[in-house]
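Chemist: okay, sequence plus prediction incoming.
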Amino acid sequence: MLDMPDVSCGGLRDKGMSDNNALYAIRFPDGSVSLYIDEEYAIERGVDPAKLVRVEIPRDLFISGTVQQIREYVAVYLESNRQGTA
């Protein structure tokens, strides 16, 4: 499940994102990952901020990667660090 604001019109920076390459994520027991542009948005969606993990995305991937590539990167990161399980 991908839970992000519309990114198709002008990219993520148009949604008020600060100048960084990070996303916030939660990995669920079934292996699925939810991504959020910032903590405030996640909280608005009912996410417990204590369960969020901030993941720095490599700049090239953040700029030109697909949503699926970013999701896979985050899933591997969370698995390797055993963090962000809801």
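Modeler: All right, it came through fine. Numbers count the residues shown, from 1 in each chain.
Chemist: output the below-cut-off pLDDT ranges for this protein.
Modeler: Across the chain, the ranges flagged by pLDDT under 70 are 1-19, 83-86.
Chemist: in it, which spans are strands?
Modeler: 22-27, 33-36, 53-56 (DSSP state E).
Chemist: of all these, which lies closest to Arg82?
Modeler: Of all these, it is strand 22-27 that lies closest to Arg82, at 9.4 Å by CB to CB. C-beta: built from backbone N, CA, C; applies to glycine.
Chemist: which helices and strands sit right next to that closest one?
Modeler: Under the contact definition 3 or more CB pairs under 8 Å, 6 or more residues apart in numbering; DSSP states H and E, strand 22-27 sits against strand 33-36, helix 39-44, strand 53-56, helix 67-81.
Chemist: adjacent strands (with direction) for the first one?
Modeler: When you say that, I think you mean strand 33-36. strand 22-27 (antiparallel) (DSSP bridges).
Chemist: the third one now?
Modeler: Sheet pairing of strand 53-56 (DSSP bridges) gives strand 22-27 (antiparallel).
Chemist: any idea how far the closest residue in space to Tyr77 that isn't next to it in sequence is from Ser80?
Modeler: Nearest non-adjacent residue to Tyr77, counting by CB to CB, 6 or more residues apart in numbering: Val55, 5.4 Å away. Per CB to CB, to the nearest Å, Val55 is found 11 Å from Ser80.
Chemist: and if you look at Gln69?
Modeler: Gln69 sits 17 Å away from Ser80, going by CB to CB.
Chemist: neighbour count: these two, which is higher?
Modeler: Gln69 (12 against 8; other CB atoms under 10 Å).
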